[in-house]
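Visitor: Sequence first, then the predicted structure, then my questions.
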Amino acid sequence: MSNAFSHLLVLGGARSGKSRFAQGRAEALTGKLVYLATAQAFDEEMRERIALHRADRGTRWSTVEAPLELAETITACSTSETVVLVDCLTLWASNLMMADRDMAAATEGLVRAVLAARGPIILVANEVGLGIVPDNALARRFRDVAGRINQEMAAAADEVVMMFAGLPLALKSKG
Amino acid sequence: MSNAFSHLLVLGGARSGKSRFAQGRAEALTGKLVYLATAQAFDEEMRERIALHRADRGTRWSTVEAPLELAETITACSTSETVVLVDCLTLWASNLMMADRDMAAATEGLVRAVLAARGPIILVANEVGLGIVPDNALARRFRDVAGRINQEMAAAADEVVMMFAGLPLALKSKG
Amino acid sequence: MSNAFSHLLVLGGARSGKSRFAQGRAEALTGKLVYLATAQAFDEEMRERIALHRADRGTRWSTVEAPLELAETITACSTSETVVLVDCLTLWASNLMMADRDMAAATEGLVRAVLAARGPIILVANEVGLGIVPDNALARRFRDVAGRINQEMAAAADEVVMMFAGLPLALKSKG
C-alpha cells in the first residue's frame, strides 16, 4: 500500500478540532473518501445538522450511516481504493449502550474489522475521562466503556494523535 | 523585537499551574508587566481574593481589569515596551456569554487585537472539554464557545503550551 | 542504586491505563513489589473488587492498605530492596477530605516521605481538572486539592508521565 499509514486514531475533547484534523488527513490520501457517520438523527434539528455537515464535506465524500453495525460497515466499505473515516467511536459506544449491546464483544469485533480492512481507516474518538467523577452511574459506566474502547483502538492503531485546541500531539507514531 | 516570541497561549485544566507558568514567562521578558484580569468581583470574598492575587504578583506588575472589552484593552495597553498577560480567556468567555454578546465577533476582534499588538502577549485559557458531556445545555454551549476560542487563539499564536500538574507540554513552537 | 529512576508519577484520566502502566514499570525493576492501596472497602462489592485486583497482580506483589496514613506507610515499607507502587493519590486525597484532614500538611508530609524513601516509589494519580467547572462546591474543592497534590508530586518526581488511551506521554524525564 502506498498510503503512509493504515490505521490512525484521532483522540480529543469537545471542540478540539479532531474531526477537521481527521478529515484533512483523509483528504491527503489517495482513494475514494467514505465517511462512516455514527450520529443518529432523533429529531428534525439533528437531521438538519447532519445534512449541513454532509454538505460541508463536499462532493468528494460519500456518507454511510453506521450508528450500531460499525464493524460490518467497515468490512463492507473498505477496499484498497478507499479511505474510510469513522466519526466517531464515542457516539457509537453511546448508541450501543442505549441498545443494551455487549460492549466487549462489539469492541473486539471493531478491532478485528479495522485490522482486516484493505484500505486506510481513520477513527475519531472523544476523550471523556479527564473531568471530575460524574454523579450518575450511567455517566460513570459510559466513561469506562469509552475509555476501554479508546485503549483497545489505540493499541491496534499504527498512529495515535491527541488534539488540543486544534493542534495535534503524537501519542504513537509509525515506526 | 528582541523578545523570543510574540504570542504565547498557555492552556490547562483547573490547578494545572497555567497562571504561574504564564507569569514566569512574562517576567523573563524585558518590558513593563501588565496584567489584564478578566475576573469580576461580584462579592466581598471575590474582591479579597483578587486583591490577594494582585499582592502576590508584586510591584513589578500593573493590573488592568478587562472583564468584557478585552480586545480594546489589549490595543490600549500593548506597546513595544510592555509585556501583556491576559488571565484568562475562559473567564472572559463566561463574562461575554452572561452579557449575551456575539461570541464569534468578540473572538474575531480578540484575534485581530492580539495580532496587531506591538509587544508580546501571553494568554491563559482553560481546557474544559475533556470530561463527560455536561447535563445542562448552558454548560454544553459554554464548552463549545471556550473550545472555539482556544482553537482560534492557538491558530493565531506563535507558541502554544499545555500544562499538566505544573509541567508544560509544547503543542506549537516558533519555527 | 541500579534502578533507572527513584520517583515516577503516572497521571491520567479514568480508564487511561495508568495503573497497568505503573504496574508494568514497577515489575521491570529489581526488588520486592509492594502495592500501597488507598482504596477503602465500604461494602461487600468493593471488598470483592479489591480482592480481584489483588489476585490479578499475582503473587509477586504484597499489598498494604493505606487509605489515610500514606506517608507513614511509605516510610515503613520502602527499603533499598523494595519497589513501592502507590495507587492512587486521588483516592487518598478523597479519603483525607472525608476525614477532614489538613490537606496542605498531608501533602507536605507525603512529599517528604517520598523524597526520603530508600527505594523507588511509583505514584499513580488522576487528572480531574479538564472538564467543565463542577456545579457542587465539594467537587470544586476536591478538584483544587487533587490538582495541588499532582503539582507538588510532579515537582518532587524525577519522571512524570501522562497517560492517554493506554499510551504514555513524557512530561518530565530524568536528566
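Guide: All right, it came through fine.

Visitor: And the worst-scoring helix or strand of chain A on mean pLDDT, what does it pack against?
Guide: Least confident element among the helices and strands of chain A, by mean pLDDT, DSSP states H and E: helix A:44-57 (a mean of 84). Here helix A:44-57 touches strand A:32-37, strand A:61-65, going by 3 or more Cβ pairs under 8 Å, 6 or more residues apart in numbering or on different chains; DSSP states H and E. Placement of C-beta: from N, CA and C, glycine included.

Visitor: let's go with 7 Å and repeat that
Guide: Contact partners of helix A:44-57 among helices and strands, from 3 or more Cβ pairs under 7 Å, 6 or more residues apart in numbering or on different chains; DSSP states H and E: none.

Visitor: how about the strands in chain A?
Guide: For chain A, applying DSSP state E gives strands covering A:7-12, A:32-37, A:61-65, A:82-87, A:121-126, A:159-164, A:167-172.

Visitor: With distance to chain C added, can I get those strands in a markdown table?
Guide: Output for these, formatted as a markdown table (distance: least, Cβ to the nearest Cβ, whole Å):
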| stretch | distance to chain C |
| --- | --- |
| strand A:7-12 | 6 |
| strand A:32-37 | 20 |
| strand A:61-65 | 25 |
| strand A:82-87 | 15 |
| strand A:121-126 | 8 |
| strand A:159-164 | 5 |
| strand A:167-172 | 4 |
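
Visitor: Which among those is found nearest to chain B?
Guide: strand A:167-172 (4.4 Å; Cβ to the nearest Cβ).

Visitor: Tell me what angle the closest one forms with strand B:167-172.
Guide: Relative orientation of strand A:167-172 versus strand B:167-172 (axes from the mean of the first three to the mean of the last three Cα atoms, to 10 degrees): 110 degrees.

Visitor: Name every strand pairing with strand A:167-172 and say which way it goes.
Guide: Pairing partners of strand A:167-172, with direction, according to DSSP bridges: strand A:159-164 (antiparallel).

Visitor: Need the residues that contact the strand it pairs with.
Guide: A:5, A:8-12, A:16-18, A:21, A:154, A:168-174, B:11, B:127, B:162, B:171, C:164-165, C:167 (Cβ atoms under 7 Å, 6 or more residues apart in numbering or on different chains).

Visitor: relative orientation of it and strand A:121-126 in degrees?
Guide: Using the same axes, to 10 degrees: strand A:159-164 against strand A:121-126 is 30 degrees.

Visitor: so where is chain A shaky, pLDDT-wise?
Guide: A:1-5, A:175 (pLDDT under 70).

Visitor: does stretch A:110-126 come close to chain B?
Guide: No - using Cβ under 7 Å from any Cβ of the partner chain, stretch A:110-126 never reaches chain B; the gap is at least 8.5 Å.

Visitor: Check which residues of that stretch are buried.
Guide: A:110-111, A:113-114, A:117, A:119-126 (16 or more other Cβ atoms under 10 Å in any protein chain shown).

Visitor: what's the spacing between it and its chain's center?
Guide: Averaging C-alpha positions (Cα atoms, centre = their mean, to the nearest Å) puts stretch A:110-126 8 Å from its chain's average.

Visitor: next one: stretch A:146-160
Guide: Distance, centroid of stretch A:146-160 to centroid of chain: 11 Å (Cα atoms, centre = their mean).

Visitor: Distance of the residue of chain A most remote from its centre relative to chain C?
Guide: Relative to the mean C-alpha coordinate of chain A, counting by Cα atoms, centre = their mean, the farthest residue is residue A:135 (26.8 Å). Using Cβ to the nearest Cβ, to the nearest Å, residue A:135 is found at 8 Å from chain C.

Visitor: and that residue, backbone torsions?
Guide: phi -60, psi -40 (degrees, to the nearest 10).

Visitor: For residue C:79, see how far away it is.
Guide: 42 Å (Cβ to Cβ, to the nearest Å).

Visitor: again with residue A:147
Guide: Counting by Cβ to Cβ, the gap from residue A:147 to residue C:79 is 35 Å.

Visitor: Between the two, which has more neighbouring residues?
Guide: residue A:147 (25 against 13; other Cβ atoms under 10 Å in any protein chain shown).

Visitor: Between strand C:7-12 and the lengthiest helix in chain A, find me the angle.
Guide: Ranked by residue count and defined by DSSP state H, the top helix of chain A is helix A:137-156. Per the same axes, to 10 degrees, the angle that helix A:137-156 makes with strand C:7-12 is 110 degrees.

Visitor: For helix A:137-156, give me every contacting residue.
Guide: A:7, A:9, A:11, A:89-90, A:93-94, A:97, A:103, A:107, A:111, A:114-115, A:123, A:125-129, A:133-134, A:160, A:172, B:132, C:14-17, C:165-167.

Visitor: from those residues, which ones fall inside helices?
Guide: Using DSSP H, the contacts of helix A:137-156 in helices are A:89, A:90, A:93, A:94, A:97, A:103, A:107, A:111, A:114, A:115.

Visitor: how near is residue A:166 to residue A:15?
Guide: Residue A:166 is 9 Å from residue A:15, by Cβ to Cβ.

Visitor: between the two, which one's more packed in?
Guide: residue A:166 (23 against 20).

Visitor: buried ones in stretch A:167-175?
Guide: Buried-residue list, stretch A:167-175, by 16+ other Cβ under 10 Å: A:167, A:168, A:169, A:171, A:172.

Visitor: Likewise for stretch A:17-33?
Guide: A:17, A:18, A:19, A:21, A:22, A:23, A:25, A:26, A:29, A:31, A:33.

Visitor: Report whether it contacts chain B.
Guide: Yes - using Cβ under 7 Å from any Cβ, we find that stretch A:17-33 touches chain B at residue A:17.

Visitor: What lies in contact with that stretch?
Guide: A:2-3, A:8, A:10-12, A:57, A:60-61, A:81-83, A:85, A:87, A:119-120, A:122, A:124, A:163, A:166, A:168, B:151.
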